[in-house]
Each structure stands twice: as structure tokens, then as C-alpha cells.
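Asker: build me a model from this:
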Amino acid sequence: MTDAIMLDRRALLASIAALAIPMGARAAGQPDYPAIKAFIDSYVDTKKLPGVVAAIKLGDRPVKFISSGTLGFDTPAPATPTSLFRIYSMTKPITGLAAMKLVEDGKLSLDQPISDILPDFKNMQVFVDPKAMTTRPAAGPIKLRHLLTHTAGFNYATIGHGPLAQLYAKNGIKPGGRDLEPGPGELPPARDLETFGKRLSALPLDFDPGTKWQYSVALDLTGLIIQRVSGVSFYDYLRKSFFEPLKMHDTDFMVPKSKLDRFTTEVTVRDGKVVVVDDRKSSPFARDRDMESGGGGLVSSAHDYIRFTTMLLNEGELDGVRVVKPETVRTAHSNLMEPGVYFAGKDAFGAAVALVQSGGENFPGGGQPDGSYWWFGIAGTQMWVDPVNKFSVVLMLQEYPTTYPVLKEIRAAAYKDLATIKA
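Answerer: Predicted coordinates for the structure are as follows:
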């Protein structure tokens, strides 16, 4: 049977299934979200993206999935709720909650110096003059809360800036850089968390811990702490604590051969043209788990990630299975930064998520109620949780790095649909 016939058959069966549901039941239980659908279709129909999938959870209604397009421009295989996407930094909220679960269990505390677990980080230095490479002792220890809120003083090699970012590159501190070739005089990227931590501890900080927000490798280091404290690999801790009980069976640091037929191709825009940057058939994500990057290494699906955010909406429980206590979810998504430190104007930061505290003015798209929290991945994936409206949206696409204004457009579409539903 040809791919085209298979696709036609799927479409026919879907139409029959839809007709079998009474119109009133569809209208009452499952809104259509026309603005979100139009947003997704606009990117696929114009061939800006091969495929896009959204998952929407609202109140007690079933999860709604909206899919359009294909896994790649070279295949008719459709993008679906179980298609696999590189979620990059959307890994961070999972890592943040994993650390909070260890806090809940009494194995960590938010104000615990990380040197209790990682002694190499006990006597950190801070740049006095980055150009001259002069340093002084840090004014205080790095705490767990500093890692979770990107206020520890770390940087990024690939998307960071300044001399410290250059030192990271030289020392191969490139979490998630499984396909990156080292430059002249650079070490290859660290392939395991222990090596990563050892290299990172030998370098200075950009500022005293707890005094400033700066996006960084902090959540990758959190993965090493989780691994040390739990006594199992970081991936095994995530699997046993979240992925298995939440039935997130496709979320992993790699795509096994048995699932490659659901893996997406990643594209980018160069000179006005859409080109492939990571083909699903030859992606390094299909090679092995590499360094288990808590800051950006997971592959997941709309189906899996909306289960994670639905658990958050339910304050730690899904389908009768509790993975964390309600107070752990509330603490994780409260402001964990030191007094007087802010993210994006006057907004705050919790356990690896940005918090809306100013009427949504710093939230892409605006208009979200205070108490919402969100994050995104560099290839356009994103999530947010709105406890006020019991509303969560997960968006999956693959454009690296994101140049399209999808962060704002999906939120505008989603809240337009929400307003219509509530009217």
C-alpha cells in the first residue's frame, strides 16, 4: 500500500470517527481552537515549516491536539501528537522539578551550597576584569536555588557572551553539543556529566552567586547534582520519577531505531531559504544519549509533554498517580530568586521556568495572568501553564534557531480562542 493511499485512508477513518461523535458533544467537550489551527496552518501551508503540532489542555476537557504537515519536507509521513521533536531548553522545566522532588524527599534543600554534593565548587572565583582575566573569591556559595533560577554566575558557550563564554568553548563546556566539532585549540564537548562538572568548576564565574539573572549551563549542572544525590544516572532518575509514572514513554535523551519513523527533521532559514540543519535520518540524537543534558538534551512529543504540564496543572498528580506533592509544585513555580533580582523587567523565576508577575507584560504575546509560568526551546518548542484559567499549551516545531515570531503568535492565538470559549 502506498504512502499516499495510507494517508488517504487515515483521513477517511478520522472523518468517520468525527461523524460518530454527536455535534453537541464535540462543541461542549472539545473546542476547535480555530485561531491556533490557523496559526499552525499558516506556517505549514507557506512551507516555512514541514510540520507543527500543538497540544491544549483546558480545565476538565480532554487534551486537544492540532497537527499539520509532515515530519520533513522530503516525506509524506504526517506530523502527529506522537511525533518526536528536539525540545532543547524545554528540558529545563523537567530538570527543575526533578531537583524539587529531591527537596521534597529531604535529600536537597534550596539554600544548600552545591559544594556539599560537588566539592569542586567550594572555592569559586569571580571575574574582576574579564579582559585581564583577573579574579577574586566569590562573595558567597552557589546554592541550589541559584542553579534553578540562572543566578549562579555561569554562562553559555554557544549562546552566551564575553570571555567566560569563550573559556567554555575552549574547555568543551557545550552541553547538548553532540554534533559540534571543536574549534582550533578547543577540547571536544564533554560527553558525560562528571567530566562536564569537573571542567566547569575550574573556571571563574561572571558575578557573585544570587546577584543577577543570566541564562546558563546551570540546569546541566543540576543534572549532575541529581545524579550524585539519587545514586542513579540522571536519565534513570527522570525515567523512574516522571517518565514512567506519567506514561511519557517517548521522552528520552535519544531516539532509538524503533522510533526513527516518528522523528522530525530540523530546519533553519538561510538567505531567505528554508534548509535542513539536522535530518531525522542522520541526526546525532539517534546516535546515543551523549551527555544527559538537563539544560537542553531531551527529545519528546506533544503527547508526552502535555501530560507533564497537565500534571503541573493538577499540582503533582495525573490519572490518579501522584509524582510530587502539591506544595512542591507551588514552590517550584514561585519566585525562587534572591530579593531584588529580576528576570525580564520585574518578572521572576522559579525552578527553571519564567513566572508572570506583572500582568504578562514580559511574557511573549502578553496578556497572561499573574501566576502563569513558561519556557521554550531554541528550535521553537514551547510550553506554558496558566493555573488561573487551568490552561496549558505545548507547541512543537523544529526551526533552529527560531527566527519566526512563534512565541508571540501562539499565545495570541491561544488566548483569542480562550476568550471565545469563555464568552
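Asker: low pLDDT regions in this protein?
Answerer: Scanning the chain for pLDDT under 70 picks out the ranges 1-30, 359-367.
Asker: so the most centrally placed residue in it, which state does it fall into?
Answerer: For the chain, the residue nearest the mean C-alpha position is residue 90 (0.3 Å; C-alpha atoms, centre = their mean). Assigned state for residue 90: helix (three-state reduction, DSSP: H, G, I helix; E, B strand; the rest coil).
Asker: thought residue 379 was touching it, still the case?
Answerer: No - contact criterion C-beta atoms under 8 Å: residue 90 and residue 379 do not qualify, at 9.3 Å. All C-beta atoms are positioned from the backbone trio N, CA, C, and that covers glycine.
Asker: what is the burial count for residue 98?
Answerer: 24 (other C-beta atoms under 10 Å).
Asker: nope, residue 173 is what I was after
Answerer: Other residues within reach of residue 173 by the criterion other C-beta under 10 Å amount to 28.
Asker: what's the helix or strand for it?
Answerer: Applying DSSP states H and E as the criterion places residue 173 outside every helix and strand.
Asker: give me the distance between it and residue 152.
Answerer: According to C-beta to C-beta, to the nearest Å, residue 173 stands 14 Å off from residue 152.
Asker: please apply the same query to residue 32.
Answerer: With distances taken as C-beta to C-beta, residue 32 is found 44 Å from residue 152.
Asker: tell me which of those two has more neighbours.
Answerer: residue 152 (30 against 14).
Asker: tell me if I am right that the more buried one is in a strand.
Answerer: No - going by three-state DSSP, the assignment for residue 152 is coil, not a strand.
Asker: tell me the contacts of it?
Answerer: Going by C-beta atoms under 8 Å, 6 or more residues apart in numbering, residue 152 touches 142, 146, 205, 209-210, 216, 218, 221.
Asker: in CSV, list those residues along with distance to residue 190 and secondary structure.
Answerer: Formatted as CSV, the contacts of residue 152 follow (distance: C-beta to C-beta, whole Å; DSSP: H, G, I helix; E, B strand; the rest coil):
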residue, distance to residue 190, secondary structure
142, 19, coil
146, 21, helix
205, 18, strand
209, 22, coil
210, 26, coil
216, 15, coil
218, 15, helix
221, 11, helix
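Asker: and those, which two are the farthest apart?
Answerer: Distance extremes for these: the farthest pair is 210 and 221 at 15.3 Å, using C-beta to C-beta.
Asker: of those two, which one has the most company?
Answerer: Counted by other C-beta under 10 Å, residue 210 and residue 221 do not tie: residue 221 has more neighbours, with 25 against 22.
Asker: so the more buried one makes contact with residue 197?
Answerer: Yes - judged on C-beta under 8 Å, residue 221 makes contact with residue 197 at a distance of 6.3 Å.
Asker: which neighbours do these two have in common?
Answerer: residue 118.
Asker: for the nearest residue to residue 199 once chain neighbours are set aside, what are its contacts?
Answerer: In this structure, residue 199 finds its nearest non-sequential neighbour in residue 171, 4.8 Å apart by C-beta to C-beta, 6 or more residues apart in numbering. With contact set as C-beta under 8 Å, 6+ apart, residue 171 has these partners: 186-187, 199, 202-203.
Asker: OK, contacts around residue 211?
Answerer: Residue 211 is in contact with 151, 153, 338, 341, counting by C-beta under 8 Å, 6+ apart.
Asker: try 10 Å
Answerer: Counting by C-beta atoms under 10 Å, 6 or more residues apart in numbering, residue 211 touches 126, 139-140, 146, 151, 153, 338, 340-341.
Asker: go on, residue 157?
Answerer: Neighbours of residue 157 in contact, by C-beta under 10 Å, 6+ apart: 164-175, 177, 180, 186, 189, 217.
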